[in-house]
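A.B. asks: Starting from these lines, generate the structure:
(one chain, ligands or ions: 1)
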Amino acid sequence: MTNAAIARCNDICLSVLPPLEGEVHVWLIPTNVQMCSHLEAAAAAFSLEERERADSYIFERDRRRFVRSHAWLRSIIARYLRAPPDAVRFRRGPSGKPRLPDPAPLNFNLAHAGELGAIAVSHHSREVGIDLETEPTSADIRTLTRAVLGSAAVAAVAALPAGDQMRTVLRAWTLKESLLKAGGYGLSRPPSEIEVTLEGLKPTIINAPGGRAEIDRWWVRDLAVPAPYVGTLMVEKREDVSPPYVRGFGY
Ligand SMILES: CC(C)(COP(=O)(O)OP(=O)(O)OC[C@H]1O[C@@H](n2cnc3c(N)ncnc32)[C@H](O)[C@@H]1OP(=O)(O)O)[C@@H](O)C(=O)NCCC(=O)NCCS
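C.D. replies: Numbering: from 1, shown residues only. Model (predicted):
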């Protein structure tokens with residue numbers, strides 16, 4: 001990492017204010033670069049669970065990604081709370097969604113794929129879910145389509161321009177995952193319970209475990225992420241007529 005990049009990392013780590021009610025902050029973070037001093041401090045403040053999870057990875061790339069993304073998470077949350085990184089405590093909701101202890105001043109959600117992480121932070125009044133995917137190294141498009149959209153969608157995907165096929169399936173995947181993560185269901189609900197239709201290039205959720213009410217509960221935003229990544233953000237609706245303002249951070 002260059003001196004300029006470390007300075008930029010330090011700058012970002014120092015400069016955050018918590019999201020307002022109508023705002024969501026999305027942090028895009030590279031997980032393959034050296035850490036600045038703030039991230040080192042956050043990693044040094046990991047809980048026992050975080051340390052054990054970091055140590056459990058077999059491959060160095062996976063361990064590094066876990067450490068980087070969790071250091072960013074702890075560092076960002078600490079800045080929002082105006083607390084040192086070792087004062088941040090995480091807990092899990094009923095189906096495993098990481099949260100701050102009640103009364104939580106913020107909601108957040110983390111995703112990572114390849115060498116990119118994404119952290120969404122919202123005001124405590126709204127749940128948030130984020131998912132990020134990249135082209136899998138080992139699955140062909142037909143296998144992936146079957147896994148994400150079901151066998152009936154294979155022909156529809158094959159009919160799309162070749163350059164759009166993978167992105168469309170990944171978009172459908174992130175739609176499902178971000179809804180599961182926003183609602184905090186995690187692995188307690190199979191993604192197959194969420195039905196996505198392909199309307200042209202725009203995958204859309206048409207069925208979910210809670211029916212129409214669950215679908216209507218969320219504002220859905222495509223994330224502006226560099227190819228080959230695809231990401232989706234879901235933010236809980238309130239009385240609002242327009243979606244929350246999404247502020248992007250990253251370096
Ligand atoms: C647990 C799950 C949230 C992980 O999703 P994932 O896409 O593998 O991984 P992501 O990087 O997007 O998200 C992982 C992060 O989500 C968060 N998370 C964990 N459980 C969560 C839950 N119940 N709700 C919301 N967020 C959760 C954590 O911060 C986790 O990060 P960590 O593992 O570093 O602590 C879950 O939805 C899952 O494993 N789904 C896979 C299902 C599948 O097979 N999908 C294929 C086709 S649709």
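A.B. asks: give me every residue that touches Val220.
C.D. replies: 175, 178, 205, 232-234 (CB atoms under 8 Å, 6 or more residues apart in numbering). (Glycine included, C-beta is placed from N, CA and C.)
A.B. asks: Beyond the helix or strand containing it, next helix or strand please.
C.D. replies: In the assignment (DSSP states H and E), Val220 maps to strand 218-222. Counting by DSSP H and E, the next helix or strand C-terminal to strand 218-222 is strand 230-236.
A.B. asks: Could you look up the next helix or strand downstream of that next one?
C.D. replies: With DSSP H and E, the next secondary element past strand 230-236 is strand 245-250.
A.B. asks: Any buried residues in that following strand, and which?
C.D. replies: Buried residues in strand 245-250, counting neighbours by 16 or more other CB atoms under 10 Å, are found at Val246.
A.B. asks: outside of it, which residues touch it?
C.D. replies: Residues contacting strand 245-250 (CB under 8 Å, 6+ apart): 12, 16, 19, 22-29, 221, 224, 233, 235.
A.B. asks: gap between whichever residue of the stretch 51-200 of the chain sits closest to the ligand and His25?
C.D. replies: Residue of the stretch 51-200 of the chain nearest the ligand, by CB to the nearest ligand atom: Gly186 (2.4 Å). Counting by CB to CB, to the nearest Å, the gap from Gly186 to His25 is 22 Å.
A.B. asks: Over to Arg189?
C.D. replies: Applying CB to CB to Arg189 and His25 gives a distance of 27 Å.
A.B. asks: Compare those two and say which is more crowded by neighbours.
C.D. replies: His25 (24 against 18; other CB atoms under 10 Å).
A.B. asks: Model confidence score at the more buried one, please.
C.D. replies: We note a pLDDT of 95 for His25 in this prediction.
A.B. asks: So it is in contact with Val121, correct?
C.D. replies: Yes: His25 lies in contact with Val121 (CB atoms under 8 Å); the separation is 4.6 Å.
A.B. asks: which residues do these two both contact?
C.D. replies: Joint contacts of His25 and Val121 (CB under 8 Å, 6+ apart) are Pro19.
A.B. asks: thinking Met35 is in contact with Arg64, fair?
C.D. replies: No: contact status for Met35 versus Arg64: not in contact, 9.7 Å apart, counting by CB under 8 Å.
A.B. asks: Give me every residue in this structure that's in contact range of the ligand.
C.D. replies: Contact residues (CB under 6 Å from any ligand atom) of the chain with the ligand: 66, 95-98, 109-112, 131, 147-148, 173, 176-177, 180-181, 184, 186-187, 191.
A.B. asks: how does it look with 5 Å?
C.D. replies: The chain comes close to the ligand at residues 95-98, 110-112, 131, 148, 173, 176-177, 180-181, 184, 186, 191, as judged by CB under 5 Å from any ligand atom.
A.B. asks: So which of those sit within strands?
C.D. replies: 98, 110-112, 131 (DSSP state E).
A.B. asks: Quick check: buried residues in the strand holding Val220?
C.D. replies: So for strand 218-222, counting by 16+ other CB under 10 Å, buried means 218-221.
A.B. asks: Out of those, which comes closest to the ligand?
C.D. replies: Using CB to the nearest ligand atom, the buried residues of strand 218-222 come closest to the ligand at Trp218, 13.3 Å.
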